[in-house]
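[1] Got a sequence here, can you model it:
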Amino acid sequence: MLYPLTTLKPKTSRFGQMAIIDEQTQFDPDGLAASVVGIAADVGKHDSGMHQHKKGQLLFASQGCMSFALENSICILPPTKAVWIPPSTPHRAMMTNVVAYRSLYFDCKAFKCPNNIKVIEVNALLKALIDKMSLWPWDKPEVEMANTTTLFWEEFYSAKHHSFQLPLPSNRRFRHFRELVMQESFLAPDLTSVADAIGASTKTVTRLFKAETGMTYQEWRQQWRLLKAIELLSREMQVSDVSHWLGFSSDSAFIAFFKKQTGQTPLSFMKYQYQH
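    Alright, predicted model coming up:
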């Protein structure tokens, strides 16, 4: 299928066609016969809309931060991390700042691809491979892609895994809540506010969240605040501004929270992201 809002313009090199994101044309990775298809772009504000494709997809942003939604979870993708999205997995990618964006699509009939979502660390070698493959012409002979692709999968499977994914409750009472979570301005409210919004007791909200996400609402809210903090820091927002936006009583309270969750201060964490 075509991406509803993903627009790409094929550019021709002396080797053939390759894709650079543009505002004029649409791109369908499933319409291309190659077993590996790559695209590369610098994107400002972008929303792909919920979609899926038959090929498996690797998303990577060496600069900026992407957030994306799955059917029953949300995820962020900080710099130096890549996410694997299996074939036929509905997802929606959102970008609100300039992102150096790379995407690889794989025919999983030709490769041993993971069958679940994976977020991995991208080291220097894997980044070089992704950059190279994302610029391959779409008609590149398969034999010329074989060695690089084999090395890519070796590095992929040996990469360190991360968890930047947060489950969402599927109960119908939380339908509006789920819609709000997708908005850039969303700020996770306290438990009482959620209970009032859905017309239920705080005990009911806690029970439903625990049953459907594996955590209480308070635990969910803490994890949401952490992921949102990483997203905002990835946009190079100042620590004090992130602390204020997330509603912490002070910068020191935010730094203590962040360090408890990650083992690093916000500045140390982001410095590590950009150095690795």
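[2] now the helices for the stretch 101-250 of the chain?
    Counting by DSSP state H, counting those that start in this stretch, the stretch 101-250 of the chain has helices at residues 124-134, 142-158, 175-181, 191-198, 202-213, 217-234, 239-245.
[3] helices or strands up against the fourth one?
    Pointing back at helix 191-198 there. Packing contacts for helix 191-198, counted by 3 or more CB pairs under 8 Å, 6 or more residues apart in numbering; DSSP states H and E, involve helix 175-181, helix 202-213, helix 217-234. Every C-beta, even on glycine, is put in place using the N, C-alpha and C of the backbone.
[4] ok, back up a step: could you work out which of the helices of the stretch 101-250 of the chain reaches nearest to residue 70?
    helix 175-181 (11.6 Å; CB to CB).
[5] how far is the closest one from where the chain is centred?
    Remark: helix 175-181 is offset 19 Å from the chain centroid, using CA atoms, centre = their mean, to the nearest Å.
[6] same deal with stretch 181-192?
    19 Å.
[7] Residue 88 reaches residue 52, doesn't it?
    Yes - using CB atoms under 8 Å, residue 88 is in contact with residue 52, at 5.4 Å.
[8] who's more crowded, those two?
    residue 52 (18 against 11; other CB atoms under 10 Å).
[9] now that one, nearest residue through space, not along the chain?
    residue 90 (4.8 Å; CB to CB, 6 or more residues apart in numbering).
[10] ok, now which ones touch the one you found?
    By CB atoms under 8 Å, 6 or more residues apart in numbering, the contact set of residue 90 is 50, 51, 52, 70, 71.
[11] quick one: contacts for residue 208?
    With CB under 8 Å, 6+ apart, residue 208 has these contacts: 169, 171, 173, 174, 200.
[12] In CSV, list the residues you listed along with distance to residue 223, pLDDT and neighbour count.
    CSV is the format used below for those (distance: CB to CB, whole Å; pLDDT from 0 to 100; neighbours: other CB atoms under 10 Å):
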residue, distance to residue 223, pLDDT, neighbour count
169, 13, 93, 20
171, 18, 91, 17
173, 21, 93, 15
174, 16, 94, 21
200, 21, 93, 17
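[13] List just the nearest of the residues you listed to residue 153.
    residue 169 (35.2 Å).
[14] Could you check how far the nearest residue to that closest one once chain neighbours are set aside is from residue 232?
    Using CB to CB, 6+ apart and skipping the chain neighbours, the partner closest in space to residue 169 is residue 212 (4.3 Å). According to CB to CB, to the nearest Å, residue 212 and residue 232 sit 27 Å apart.
[15] swap in residue 205?
    26 Å.
[16] The two: who's more crowded?
    Neighbour comparison, residue 205 and residue 232: the larger count goes to residue 205, with 24 against 19 (by other CB under 10 Å).
[17] Contacts only, for that one.
    191, 194, 195, 198, 217 are the contacts of residue 205 under CB under 8 Å, 6+ apart.
[18] thinking the last one is in contact with residue 191, fair?
    Yes - contact criterion CB under 8 Å: residue 217 and residue 191 qualify, at 5.2 Å.
[19] Fine by me, thanks again.
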